[in-house]
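K.L.:
Turn this into a model:
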Amino acid sequence: MILWSVRHAGSAESVDGLTADDVVDGVKEDIWDPSDEVMGPDDLEWVPLDQHPVFAQAMADYEPPPPKHPEDETRLDMNPLIDVALVLLIFFMLTTTYEELRKEFQPPAPEQQNLGKTTTSDELKKVSVRATVRMENGQPVYRVESEVVPEAELEAKFKEYKDAEHDKLAVEYDPDVPWSSVIALQDAAAGAKFQEIIRLRRDRPKP
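P.N.:
Okay, here's the model as predicted:
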């Protein structure tokens, strides 16, 4: 039986006493490379496996495994970003729906409201700006201190009248006025930074 010695290319240490099958199996198991060196009992020097007449054919048929590529560390994980985007989307959907419902929600009946302290009209004039909204010809008409004002200009008009002594807004509305019109008055008042909004509802006269 012919026994072979194998060493890594350029190494001083070798593994001895291997059969030809052991050498080929070692290459297949990635213990040896085709460029590693082999020496037989009749060889005078070390010869690369892929150049040795005994192993050259086996090395030509051998297909080395594909090289391992390092994992790309720059790859971004989009899952957390998608989760955050979905949470924000749901939040904005819920808040938008609530805002629309709030504008359409009808105010409580007078008997359910907390009327609190009774204030006369003269007392209100001293500390508040007066705003009204009434239905005229089927449309809500806004007035600020008896001056007709378009809805889009309410906030600017409130800022004209608001001062240190008049930091409250008294809002008077008829029962048939859409609640969204009352909310428009309150939103404009909030933009003008009134300290307090007093709602006055004028009920229909009893027959």
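
K.L.:
In this protein, where is pLDDT below threshold?
P.N.:
Within the chain, the stretches with pLDDT under 70 are 63-75, 97-127, 164, 201-207.

K.L.:
cutoff 90 now
P.N.:
1-6, 8-36, 38, 40-45, 47-81, 89-132, 138, 145-146, 157-207 (pLDDT under 90).

K.L.:
so what secondary structure elements neighbour the longest strand belonging to the chain?
P.N.:
Identified as the longest strand of the chain according to DSSP state E is strand 128-136. On a contact count with 3 or more Cβ pairs under 8 Å, 6 or more residues apart in numbering; DSSP states H and E, strand 128-136 meets strand 139-144, helix 154-161, strand 168-173, helix 179-191. The way it works is simple: take the backbone N, C-alpha and C, and place the C-beta from them, glycine included.

K.L.:
I'd like to know which of those lies nearest to residue 3.
P.N.:
Closest to residue 3 of the helices and strands packed on strand 128-136 is helix 179-191 (Cβ to Cβ; 96.9 Å).

K.L.:
Format the CA atom coordinates belonging to the closest one as CSV.
P.N.:
Written as CSV, here are the backbone C-alpha positions of helix 179-191 (Å, rounded to 0.1, in the frame of the first residue of the first chain):
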residue,chain,number,x,y,z
TRP,A,179,-73.7,73.3,16.3
SER,A,180,-70.8,73.4,13.8
SER,A,181,-71.4,77.2,13.6
VAL,A,182,-71.1,77.5,17.4
ILE,A,183,-67.9,75.5,17.2
ALA,A,184,-66.6,77.9,14.5
LEU,A,185,-67.1,80.8,16.9
GLN,A,186,-65.3,78.9,19.7
ASP,A,187,-62.4,78.0,17.5
ALA,A,188,-61.9,81.6,16.4
ALA,A,189,-62.1,82.7,20.0
ALA,A,190,-59.4,80.2,21.0
GLY,A,191,-57.2,81.6,18.2
